[in-house]
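Asker: turn this into a structure:
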Amino acid sequence: MIGYVTFGTSDLARAAKFYDAIAKEMGTGRMMEEDTFIAWGTPGGAAGIAATLPFDGKPAGVGNGTMVALAAKDKEQVQRLHDLALSLGGSDEGAPGPRGEGGFYAGYFRDPDGNKLNAFFMG
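Answerer: Predicted coordinates for the structure are as follows:
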């Protein structure tokens, strides 16, 4: 149902470095790029992520309670994505591990602009 998610950034070059690495680990890359935004994903595939300088020219902000979940292929990829995010200037919001019942396994992190994401695996 979701086509893509866009995060505001105040530093497009920094966001590009962060999301280039996250996208590579997930087996995809950039699909669109302009002077003010970059989008990562696979045309016809799962929802992608974009980073953009805000259209109104005001500083980028973070949505309180907003989070994007990245579907990992296994628990090991959850760990790799979490580690990768932290190595690229992201911050820890919850180490990878089981959450609740039903086989939900996730690691939570923020990008360098403070946007919250998680990598998860069901199984």
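Asker: thought Glu33 was touching Ala51?
Answerer: No: between Glu33 and Ala51 there is no contact under C-beta atoms under 8 Å: 10.3 Å. (Glycine included, C-beta is placed from N, CA and C.)
Asker: where do the strands sit along the protein?
Answerer: 4-8, 29-33, 37-41, 48-52, 67-71, 91-98, 104-110, 116-122 (DSSP state E).
Asker: who touches the first one?
Answerer: What that stands for is strand 4-8. 15, 37, 39, 41, 47-54, 60-61, 68, 111, 113, 115 (C-beta atoms under 8 Å, 6 or more residues apart in numbering).
Asker: neighbour count winner among Glu33 and Ala51?
Answerer: Of the pair Glu33 and Ala51, Ala51 is the one with more neighbours under other C-beta atoms under 10 Å, namely 24 against 13.
Asker: ok, that one to Gly97 distance?
Answerer: The span separating Ala51 from Gly97 equals 28 Å under the rule C-beta to C-beta, to the nearest Å.
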